[in-house]
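Engineer: I would like the atomic coordinates for the input below:
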Amino acid sequence: GAPPVALEVTEAARRARLGPEVETSVQRVVREALTNVRRHAPAAPSADVRIDADAERLTVQVRNAPSPERRFAPLGGRGGFGLLGLRERVEAVEGELRAEPT
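Structural biologist: Below you'll find the model as predicted:
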């Protein structure tokens with residue numbers, strides 16, 4: 001199973017005017033991050049998605065609570081190029097991607 005996910009989209013993020021490429025990138029980043037939580041930390045009690053904006057940037061943050069069981073080999077098969085592909089996609093819209101273990 002996957003942990004429950006809480007979503008917070010700030011008012012500033014709701015008002016932000018984003019190009020379609022950025023909107024698609026946000027969706028893919030969130031989807032891949034939640035897939036990674038499910039694959040690498042399936043016993044995590046929860047995950048949070050927060051989307052915020054200021055005058056210069058949109059910030060998308062996906063975090064999971066620590067899992068009592070951690071998987072280095074992905075659940076469901078071998079890993080792919082998810083983070084590498086996302087990094088390229090985010091950089092193409094002048095963004096920055098950081099991924100760290102919880």
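Engineer: what about the lengthiest helix in the chain, average pLDDT?
Structural biologist: When the chain is parsed with DSSP state H, its longest helix is helix 20-40. In this model, helix 20-40 has an average pLDDT of 90.
Engineer: got the buried residues for that helix?
Structural biologist: Using 16 or more other C-beta atoms under 10 Å as the test for burial, helix 20-40 gives 22, 25-26, 29-30, 32-34, 36-40. Quick note: C-beta positions are derived from backbone N, CA and C, even for glycine.
Engineer: need those residues in JSON lines with distance to residue 83, can you?
Structural biologist: Listed next are the buried residues of helix 20-40 as JSON lines, based on distance: C-beta to C-beta, whole Å:
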{"residue": "22", "distance to residue 83": "19"}
{"residue": "25", "distance to residue 83": "14"}
{"residue": "26", "distance to residue 83": "16"}
{"residue": "29", "distance to residue 83": "10"}
{"residue": "30", "distance to residue 83": "13"}
{"residue": "32", "distance to residue 83": "7"}
{"residue": "33", "distance to residue 83": "9"}
{"residue": "34", "distance to residue 83": "13"}
{"residue": "36", "distance to residue 83": "8"}
{"residue": "37", "distance to residue 83": "13"}
{"residue": "38", "distance to residue 83": "15"}
{"residue": "39", "distance to residue 83": "12"}
{"residue": "40", "distance to residue 83": "11"}
